[in-house]
Structures are given as structure tokens and as C-alpha cells.
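Asker: Okay, predicted coordinates and the sequence, questions at the end:
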Amino acid sequence: MGTELAYSEQFNDVVNAERAYELYWANVITDKRAFLCSEYESGCPARYTCANMDTEQLQLKQVPHFRNQTGSMPHMNGCPNLFEQEGRGRGSDVGQASEAGQPAPDRFLLTRPAGHFAIRERVVAGGIGVGYGHNEDRGGGGKRSRGAELYSLAGLVSRWLKARRDNVDSKLIISAGTQGPMTYREMFENFFVKRPSLSGEKRVYWSKAWINVTPKGHRIRFCTSVNAINGQELEYPIFPSAMIWENVLAESEMKKLHTRRLIRFSDTKKPCVVFIYGAPKLQERDGRKFINFEVGSLDHLDVQGVDLFERIRRAKK
Ligand SMILES: [Zn+2]
């Protein structure tokens with residue numbers, strides 16, 4: 001049991017656990033115990049711990065979440081979070097219909113607002129009467145009547161995994177950037193031996209891949225070749241690939257997290273599962289054709305272990 005939102009004493013704002021996770025990996029916050037009940041301004045003394053905030057390798061059962069801190073004071077009488085804790089388990093929001101019956105669409109925002117990782121300024125209580133100004137961004141999914149706002153593909157993948165397991169991926173809606181809304185099922189395009197083609201549309205492409213370290217960055221080479229793209233047959237099968245340039249990695253706020261994940265898979269020399277948001281391009285150099293995914297931001301890439309194939313199994317009805 002847990003709560004969805006908590007006040008971060010180090011970030012000075014109310015955040016959800018996914019956002020806390022990003023802030024930790026961007027070196028903005030450091031203490032998993034520095035969280036208060038979101039009603040702290042009304043005098044609630046309860047404290048939270050953000051579990052798994054510092055876990056680099058996340059499994060479905062370990063998603064970051066807030067839980068009551070050991071030794072913390074209980075919630076004050078009438079605290080809405082007290083009710084919330086008793087009322088439901090954590091992580092149960094994905095794919096559940098809102099009161100209107102239709103799940104609210106999620107949004108994948110392709111760029112983070114300026115200062116997304118900058119510590120919020122504390123507004124002195126009793127000043128202009130603004131409290132802490134935590135009405136801005138909560139990193140997605142704060143309000144249950146709204147869909148989540150996601151800034152990283154990792155967040156999108158985790159929503160998709162849950163949606164698949166609950167068999168609602170063809171109901172739950174996602175819109176990415178300026179793209180029209182579509183279901184999670186339409187957004188995620190898998191290519192593999194039995195489906196060796198790419199639509200060429202802007203999608204989340206995913207498949208098994210190898211990661212190699214090169215002097216200029218990390219090279220991703222998918223394990224499956226494709227023989228068609230954009231409905232166009234290729235003269236010969238091509239293994240799609242992508243390059244994570246050093247400068248793109250260096251620009252990422254969460255480079256520590258991304259680097260660890262990339263190194264973990266490049267070191268093992270075992271395949272992993274790579275997710276990339278974007279549109280693949282058929283290109284030609286020195287008379288040789290290749291298919292490339294451009295990775296302009298680490299927020300548009302996610303890498304998972306091959307145990308993902310176990311984790312995406314749909315729940316039995
Ligand atoms: Zn409380």
C-alpha cells in the first residue's frame with residue numbers, strides 16, 4: 001500500500017515516485033527518506049520513504065513507490081492520504097477507467113521543459129499566499145482523472161508493460177509529441193523473425209539487440225534483419241541499427257543511470273531488448289544500404305533485459 005504523491009524536501013515540490021526516481025538519477029535529490037505527506041502544509045506529520053529510488057535495474061515488482069517511513073508519525077486525522085492508503089494498492093491506476101468510464105489518454109512529451117531538474121524555490125508561507133507552488137508538474141499521472149505525462153520512454157515502457165499484463169493495451173490511449181492519439185498496442189511496434197518489417201511511422205520500435213562500445217559511443221545492432229520498410233521491399237535483408245553518440249549521452253541529465261544500463265549490457269555481450277521512439281530511415285553509404293534509428297535524446301530510448309519476454313506475458317483470463 002502506498003500513496004501516489006509526496007512532498008520532496010530536497011526538490012521542494014510534490015512529485016510522484018517516477019519523478020523522484022528521475023530526480024535521484026539526475027543527482028538532484030539524494031535521500032530516499034526525505035519525503036513528506038503531500039498534506040504536510042495542513043500539518044500532517046507523516047513521512048514517506050521512496051522505495052527503489054536508487055535501484056538501477058528495475059523489475060516490475062520493484063517500481064519506485066512511496067511507502068510509510070518506519071518510525072514516522074501517522075497521518076493526521078482526516079488526512080486524505082490516510083484514506084487513499086487504505087483504499088487501494090499502488091500502481092493500480094494503469095488502464096483503469098476513470099469515473100467517466102474511458103481511461104484518460106497518456107502523453108509522451110518529447111522534450112522536457114527548461115529547468116525540469118532545477119530544485120524548486122521555496123515560497124515562504126504567509127508571503128504572497130502561494131504555498132510551495134506545487135501545482136506545476138508532478139511528473140505524470142498525479143491526478144487520477146488525467147492521463148500520465150511522461151518525459152522518458154522508460155516511463156512509457158513501464159506503462160505499456162502494465163497495460164499488456166492487464167490486457168488493456170488496446171484500450172489505453174497514448175499520444176506522443178504532435179502525433180494523434182493511438183492505443184499503446186498501436187504505438188509499440190515489435191519486429192522479429194515472424195514479422196521482419198518496419199512500418200516506417202513514428203512508433204516505439206522494439207526488438208532484441210546487441211550493444212557494443214565503440215570509441216564514438218554505444219552502437220546498437222538489432223538481432224533481427226528486416227526485409228521491408230514503409231511497405232517497400234528491400235533488395236536484401238538489413239539489420240537495423242542505432243548509435244548513441246557520446247555527446248548525446250553526456251547531455252542527458254540521467255547519464256549516470258543510462259551509462260550503467262548500457263555498460264551492463266555491452267559488458268555481458270548478451271542480447272538485451274531495446275526500445276526506440278522515432279522513425280527508422282533507409283540510408284545508403286558507399287553503395288551499401290542500412291536502416292538507422294536516430295537517437296537524439298536518451299529520453300527516447302530504453303534498454304531492458306531479455307527477461308522482459310517473461311514479463312510481457314498477458315495475464316490469463
Ligand atoms: Zn498525511
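Answerer: Right, received. Where do you want to start?
Asker: From now on I want contacts and neighbour counts done on CA atoms only, so please keep to that.
Answerer: OK.
Asker: number of nearby residues for Lys255?
Answerer: The tally of other residues near Lys255 (other CA atoms under 10 Å) stands at 17.
Asker: could you measure the closest residue to Glu56 other than its chain neighbours against Pro105, distance?
Answerer: If the residues on either side of it in the chain are set aside, Glu56 comes closest to Leu257, at 6.6 Å by CA to CA, 6 or more residues apart in numbering. The gap separating Leu257 from Pro105 is 28 Å, by CA to CA, to the nearest Å.
Asker: what about the residue nearest to Glu56, how many residues close to it?
Answerer: 18.
Asker: now Arg219, which residues is it bridged with?
Answerer: With DSSP bridges as the criterion, Arg219 is bridged to Asn212, Met243.
Asker: meant to ask about Glu149, not that
Answerer: Beta bridges link Glu149 to Arg107, judged by DSSP bridges.
Asker: same check, this time on Ile238
Answerer: The residues listed as beta-bridge partners of Ile238 by DSSP bridges are Val226.
Asker: Please name the residues that touch it.
Answerer: By CA atoms under 8 Å, 6 or more residues apart in numbering, the residues touching Ile238 are 225-227, 289-291.
Asker: Give me the distance between it and His218.
Answerer: In terms of CA to CA, Ile238 sits 19 Å off from His218.
Asker: Just the pLDDT for Val63.
Answerer: Model confidence at Val63, given as pLDDT, is 83.
Asker: What separation do you get for it and Ala51?
Answerer: Taken as CA to CA, the span from Val63 to Ala51 is 8 Å.
Asker: Which parts of the stretch 151-300 of the chain are helices?
Answerer: 153-165, 184-187, 246-251, 255-268 (DSSP state H, counting those that start in this stretch).
Asker: closest one to the ion among the ones you listed?
Answerer: Closest approach to the ion among the helices of the stretch 151-300 of the chain (CA to the ion): helix 153-165, 26.6 Å.
Asker: Enumerate the residues of the stretch 101-250 of the chain near the ion.
Answerer: Counting by CA under 5 Å from the ion, the stretch 101-250 of the chain comes close to the ion at no residue.
Asker: Now do the strands for the stretch 101-250 of the chain: every range, in order, please.
Answerer: 106-108, 149-150, 173-176, 182-183, 188-190, 197-198, 203-214, 217-222, 226-229, 232-238, 241-245 (DSSP state E, counting those that start in this stretch).
Asker: rank the ones you listed by pLDDT, which is bottom?
Answerer: Taking the mean pLDDT of the strands of the stretch 101-250 of the chain, strand 149-150 comes last: a mean of 90.
Asker: Show me what that one is packed against.
Answerer: strand 106-108 (3 or more CA pairs under 8 Å, 6 or more residues apart in numbering; DSSP states H and E).
Asker: Identify all contacting residues around the strand it packs on.
Answerer: With CA under 8 Å, 6+ apart, strand 106-108 has contacts from 146-153, 156, 173-177.
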